[in-house]
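[1] Take a look and give me a structure for this.
(3 chains)
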Amino acid sequence: MRRAALVALLSHWRRRPFQLLTLLLGLATATALWSGVQAINAEARASYDRAAGALGATPRPSLARADGTPMDEALFAALRRAGWLVTPLVEGRVETAGGSLRILGVDPFTLPGGDLPEGAAGDALDPAFLGLPGRLIVSPETAARIGGPELPPLIEVEGVAPGIAYADIPAAQALLGLDGQLSRFVLLDGQPGNRPPLDEVAPGLSLQQPQTGADMARLTDSFHLNLTAFGLLSFAVGLFIVRGTIGLAFEQRRPMFRTLRALGLPAATLLWLLLAELLVFALIAGAAGIALGYLVASALIPDVAATLRGLYGASVEGTLSIRPVWWLTGLGIAVLGTALAALSSLWQVARLPLLAPAQPRAWARASEAGLVWQGLAALGLAALSGLTIWLGSGLIAAFVMLGALLIAAALALPLVLYGALWIGARLAKRPLAQWFWADTRQQLPGLSLALMALLLALAANIGVGTMVSSFRLPFTGWLDQRLASELYVTADNPEQAERLTGWLAPRVQAILPIMNTDARIAGLPGEIYGVADDPTYRDNWPLIDRLPDVWDRVAAGDGVLINEQLARRTDTWSGGTIALPGWPGAPVVGVYSDYGNPLGQVLMGLDALRDRFPEVEALRFGLRLPRGEVAGLTRALTQDFGLSAENIVDQAALKAFSIQVFERTFTVSRALNVLTLAVAGFAILTSLLTLSAMRLPQLAPVWALGVTRRGLARLELVRALVLAGLTMLCALPVGLLLAWVLLAVINVAAFGWKLPLFLFPSDWVVLGALSLAAAGLAALWPALSIARIPPARLLQVFAHER
Amino acid sequence: MATNLRPLHRACLLLLLLLLAAVPEARAQGFANLGQAAEGYAMPAPGPFAFPKDHGPHPGFRIEWWYVTANLEGADGTPYGIQWTLFRTALKPGADLGPGWSSAEGWMGHAALTTPERHFVAERRGRGGTGQAGVSLEKGFDAWIDEWRMQGPDIDHVRLNAEGPDFGYDLQLAAEGPLVAQGDGGYSVKSASGQASRYYSQPFYRVTGTLALPDGAVEVTGQAWLDREWSSQLLDATQEGWDWISLHFDSGAKLMGFVLREGSGGFTSATWIAPDGTPTPYPDGALRMTPLDRHAVQGRTVPVEWRVELPARDLDVTIAALNRDAWMATSVPYWEGPVTIEGSEGGRGYLEMTGYD
Amino acid sequence: MLEVRDLKKTFRSSGEVQQVLRGVSLSLERGATMALTGESGSGKSTLLHLVAGLDRPDSGTIVIGDTDVTAEDDRGRAALRRGKVGVVFQQFNLIPSLTVAANIAFQARLAGREDAPWSARLTDRLGLAEHARKYPEQLSGGQQQRVAIGRTLAAKPALVLADEPTGNLDEETGERVLDLMLDLVAETGAALLMVTHSSRLAQRMERQLHLERGAIRA
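    Predicted coordinates for the structure are as follows:
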């Protein structure tokens, strides 16, 4: 019995392969976008943990110079022979043909074997690994990516963190140009009881707490949450297609269900069979979606990795590894999504009356009462959205608010369109125009799901586009202010710094020492900068909140400036105080914007920094000079003074790098947006195709009354354009609201900075044209089939009296 | 000819730590790669020692060590024992192991302090060339790893110190007798196929100094024994482990002896050192060592009481561990600790046992 | 074969109570044929639906063979429809996505007793052999109804219920279809209860029962 019934149920799809394709494609797309984003997030998070665990599962504190500059390797023996059990590290990045690589130079003799990834400990004591040229131990994925003649031979070891290469100390020194120098010392367990204080053994070194994977996860959380939100949006748009297709398929099979029941198939069996059918589809489409998601993620992850590296310094490999958990959750979300989309259809089947007239009901012809309910739901969600922003705080609340807002807008859309079409009908004079408006209104229920999807996609596009553009404007302006010095130079050691400043003095307008040290501020890693009292800062520094004579106070050491993200995180503004290492109640005299920096930052006068952090050395300098002399000075610095090229950074290069980081940050958002819009276009196409097949009975009388088939086709096309245009108009305010939420709520919660909203109407015109084109394109095929329909088939409508 | 296997087990420790993991293809060559060919390394040859040069390192050889054990006593009569060991290994052949940080020379230190109740252990590792560890004869004698040091104007007068997280010692060692060449004038042949080492001892140190214990410092006096050995070739390893003793008798004589456990039988060797330092080597079978009592420590059962017989000297004594839990929980674990001697001779000494897995 | 006793059924629509059957009794022996006639709204279709177990009476009993239909639950009545009873609807109610052959074999398959030679013979007898691979929408109305009849008889039911089986067909086609149905029913030995508003068609049955406002006219 079950087999026969199942064969009958499935035969529907065999007769309508396109519908099946739509269902599977919709579900697969939804799953793909969602699981693709999840894959990216999972990969990144796994990378943080592995990177944090690059030396031992438990991160250890280390000894280093406060400004992070390297030190003489002789310090190692001095520390060890004084009883300080440390293992040396040489750290840095090299650029290879296949991208950037973090070099971790280790001493296999003093590094506890368990601190290296499993499998690498043995290789690290291979004589070939030791000395020069040595070997690099990397993961197979990294090995596949990097390469180049300048690198020592690679040893591939599974489980090594991505983008990291372990090398022996001398090999790392050679690669990084740090001959005779070490970056830091990791403090080992089991220190002897008696040892002299650190400043006796190695003055200038300080104890630094380790960075943990959790720190990196916290810093990057907001970025991943953003991705998740977009993934969810894409998933929702995909589900609209699935819902539409399932609804149609169930509606079309309604007579069949009834026949099956009349022929003796129990209702429960029918329901189970339908559930099984959906489950199979969900699993097939889910699997396809996951494969597709893998492709999406693979395509996006290099950009994501680049963003995370640029923005947060997080080490993420630009390749994906497939995790079983990810497969399972992908299938789970596909099944869940299908269940969600099929819920109302299944409910109807369960309550299917056996003896109701067995005529196919017009598909999804929503009653007026249904519209009212939908309107009420939209109102409720809008209210919820308003309440959330009123009462809630934080990123989650912001996204809840966003979700409620978008769904409310989607639900309200048919109502608005209904009204607009009603007005159109009232204004129409000619009978054909009247028929057009009335007929369009009648079709609205069948198209509304697709139009809702379009609305969401358009609104998201407007919102994200506005946010990115609004961001770029102040960001580039801020860069100009912030990077006021024409040239930035770094000395290798204090002696060189002294020679350098002496050499530079007659050659530039101003030398601005930049001293900085890392510190934990408000419980998170942060940085403290010391700056000279100079018009460069007074004139240019982008303050968003300030006390009077802010620069005098900073110069006098009476107060500090903090960046916006720190101000927002601690809710400390001008007039407040902030606790710093060695300065518990530092008065805050101003707040400055600091886009793109995930860390809290404090700015104080040079003297104040020297007093409180005497171990920090002034090795970096900003140089003011006429723009035209930059190239000449750079050449002179390398050729005459002998400063190595990597110690000189040109303002223009720095700006270019910053803008590149910025652009990459939004590449992923934009890519997801385009995909979402494509999905919405696909939804319109399938809805129109479905409708066109059912519309013969409506078109035939009009044709019989003297409208040509071409005329009908043209009207079909116009109808699609009108609906898409109206949807675009509705999407505009929704998108702007979305942009406002992104800029004023989500950015603040996620990154810690607030941005002004700028409007870019030209973008909307482009988007509007794009959506019209999408709708027109989607309507083209159905319209063409109407134009070419044989009159005999139209006549059949009259023959088949129903 | 006395075959001396005790140093071999020390080499074994070092090799396990530094070589085994590094040379995977050699893993098929049996326990601790003892059968590995020594191609490219210097070969020991018979002949007189060149002191003081031979107190320093021999970079062309694969393995080498400075190995001190001491039996000490507090003012209240409490017996103590300490161990101070510095191993050197060359990870590749050739006298030139690379300059500075490129050096392929590994160093390892083991330090232990044993009281009747407690046993403290620490281990250090390092690379030659960085200054972290080494042996230098530039100013007298100086052997060190980290802050651990054996240093003095010459090898007969040294200060010996080491520290762990919860213990330490600082001792003055002064030799009251001559250096003793082991085997055939310091050329110690180890097997019929010709493997050998250079080997001498200084068993006549008089010790004074201070132990740092969790409860406070303890002034101690006693006697110490230094073993110096270097080699490149190692025996084929069919053996399961070694039981080794170095005994100071109240008469002033000393005994070095060991059993190489192999299947149900064993191979023994011994050197009787007269109070004036004259050594008499004894061949296989002359020394008999019989376990009397066993003790479970760290999941192993080891004999901590032995009957030791050397009929040629009318020696029949029982040795018993001062602290039965003297387990060296280092990278390669073994048992090493002080013993007391009763029977035909009284005295004290050190017992070392490996391979009780 | 079929015993109906004192069947009553009322419908409520927009607050109005309409008594559709007011105590109908009838009986039908194995192999017998009976026509149920009456005006629109006389309750004849309702009676048929009740007998088929598609709906439940307010009171009264329906016994088919040894099964009390009124005592069965939903699942039991579904089993009855699969097994003992076959229904030929006015709207042919074919499964549009299955071929003619698959439609004919369908109910027998559903009942788990497919008899392929019998189905093939039915197809042949119904003149559908050349259409076996077509889909219902490619057939004329008369052909579609023949498929529906074939589907019912393929399962060899003991009782065939037909609701205006020729109602959607023109007169001539209707006659031919009815002839065929009567022949085949006779061949299987099933009892036939047919609802029709045409007294001419009713005359083709062995017995006629006329319903008027929910009761049998004497």
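
[2] Report the contact partners of the closest residue to B:A329 other than its chain neighbours.
    Nearest in space to B:A329, with sequence neighbours left out and distances taken as Cβ to Cβ, 6 or more residues apart in numbering or on different chains, is B:V121 at 5.7 Å. Any C-beta I mention is one placed from the backbone N, CA and C, and that applies to glycine too. By Cβ atoms under 8 Å, 6 or more residues apart in numbering or on different chains, the residues touching B:V121 are B:H110, B:A111, B:A112, B:G164, B:W327, B:M328, B:A329, B:T330.

[3] helices or strands up against the helix or strand containing C:A101?
    Assigned by DSSP states H and E, C:A101 falls within helix C:100-110. Packing partners of helix C:100-110 (3 or more Cβ pairs under 8 Å, 6 or more residues apart in numbering or on different chains; DSSP states H and E): helix A:2-15, helix C:116-125, helix C:141-154.

[4] Report the rounded mean pLDDT for the last one.
    Mean per-residue pLDDT for helix C:141-154: 87.

[5] Next, the angle from it to helix C:116-125.
    Angle of helix C:141-154 versus helix C:116-125, following axes from the mean of the first three to the mean of the last three Cα atoms, to 10 degrees, is 160 degrees.

[6] Okay, angle between helix C:141-154 and helix C:100-110 too, please.
    Calculated by the same axes, to 10 degrees, helix C:141-154 forms an angle of 30 degrees with helix C:100-110.

[7] repeat for the first one
    For helix A:2-15 against helix C:100-110, the angle by the same axes, to 10 degrees is 150 degrees.

[8] Tell me the helix or strand right after helix A:2-15.
    Scanning forward in sequence from helix A:2-15 by DSSP H and E, the next helix or strand is helix A:17-52.

[9] for the record, mean pLDDT for that following helix?
    Average pLDDT, helix A:17-52: 78.

[10] quick one: A:Y592 and chain B, what's the gap?
    Distance, A:Y592 to chain B, by Cβ to the nearest Cβ, to the nearest Å: 43 Å.

[11] Bridged to that residue, which residues?
    Taking DSSP bridges as the rule, A:Y592 bridges to A:L543, A:N563.

[12] secondary structure element for the residue of chain C found nearest chain A?
    Residue of chain C nearest chain A, by Cβ to the nearest Cβ: C:R82 (3.1 Å). Element membership of C:R82 [criterion: DSSP H and E] is helix C:74-83.

[13] Can you give me the buried ones in that helix?
    C:R77, C:A78, C:A79, C:L80, C:R81, C:R82, C:G83 (16 or more other Cβ atoms under 10 Å in any protein chain shown).

[14] Redo the residues you listed as TSV? Include pLDDT and distance to C:I149.
    Formatted as TSV, the buried residues of helix C:74-83 follow (pLDDT from 0 to 100; distance: Cβ to Cβ, whole Å):
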residue	pLDDT	distance to C:I149
C:R77	85	22
C:A78	84	21
C:A79	85	22
C:L80	85	20
C:R81	84	16
C:R82	83	17
C:G83	82	18
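
[15] quick one, longest helix in chain C?
    Longest helix of chain C, by residue count under DSSP state H: helix C:171-188.

[16] Thanks again, I'm all set now.
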